[in-house]
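Asker: Quick one, fold the following:
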Amino acid sequence: MLIELDPERPVPRKIKKIVEALKNGEVVIYPTDTCYGMGADIFNKKAIEKVYQIKGISKSQPFSFICSDLSDISQYARVSDQAYRILKRYLPGPYTFVLEGSKQVPKIMLTKRKTVGIRIPDHPVCLEIVRQLSNPIISTTVSQGDEVFSDPRQMAKHFGKQVAIVVDAGIINPEPSSVISLVDDNVEILRRGKGACSDFE
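Answerer: Numbers count the residues shown, from 1 in each chain. Below you'll find the predicted structure:
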């Protein structure tokens, strides 16, 4: 199902429909500030496994996930004073921050080092979805092999039978988030992307 949403003023009724699908263990495609993401509730293992299946990737590659705000992050990661100052300055924005995961995080979402990748994208639609769901959602780029999709109508044609909802908030030219590790208060650039990295060098 394709649901059109104004990216600046998403209609609550339509957001509610997306949230209901996530609560029912469905997979949805939604917009972020860097690309379209494929997501599911991080507490629904079957839905997460379905995303792995759709993308054709190994479970040894944990997904990052989206939180609604900084207080939400503190539930799922250990945030030092230094890390908090960095998160407060750069989020919402086109960054994924790697932190030590808390006991709240399902094992399927953790790396071998017990770390997690967390995002707060600067996009009203995905943030409102997470707020209303009251749980984070996984964040993985909508792609198939080397092809990264930008047009939601193309996504609906390609993934329509595998996902419950494709949110159409217009074309988004995909550009990956910058990935910054803050583990043990050591600031390290893991991937340069849309977010400026000069302050982390």
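Asker: which element is the closest residue to residue 136 other than its chain neighbours on?
Answerer: Nearest non-adjacent residue to residue 136, counting by CB to CB, 6 or more residues apart in numbering: residue 65, 4.3 Å away. Every C-beta, even on glycine, is put in place using the N, C-alpha and C of the backbone. Residue 65 belongs to strand 64-66 when elements are defined using DSSP states H and E.
Asker: lowest-confidence helix or strand of this structure?
Answerer: When the helices and strands of the chain are scored by mean pLDDT, DSSP states H and E, strand 143-144 comes last with a mean of 88.
Asker: so where do the strands sit in this protein?
Answerer: For the chain, applying DSSP state E gives strands covering 2-4, 28-31, 36-39, 64-66, 95-100, 115-119, 137-141, 143-144, 147-148, 165-168, 178-181, 188-191.
Asker: how near is residue 196 to residue 53?
Answerer: Residue 196 sits 35 Å away from residue 53, taking CB to CB, to the nearest Å as the criterion.
Asker: oh sorry, the question was meant for residue 34
Answerer: Taking CB to CB as the measure, residue 34 and residue 53 are separated by 24 Å.
Asker: between these two, who's got more neighbours?
Answerer: With other CB atoms under 10 Å as the criterion, residue 34 and residue 53 differ in neighbour count, and residue 34 comes out ahead with 26 against 12.
Asker: That one contacts residue 173, doesn't it?
Answerer: No: at 9.5 Å, residue 34 does not count as touching residue 173 under the criterion of CB atoms under 8 Å.
Asker: Now do the same contact list for the residue minimising distance to the centre of the chain.
Answerer: Centroid-nearest residue in the chain, with CA atoms, centre = their mean: residue 139, separated by 2.7 Å. Each residue near residue 139 by CB atoms under 8 Å, 6 or more residues apart in numbering is listed here: 32, 37, 39, 63, 64, 65, 66, 96, 119, 121.
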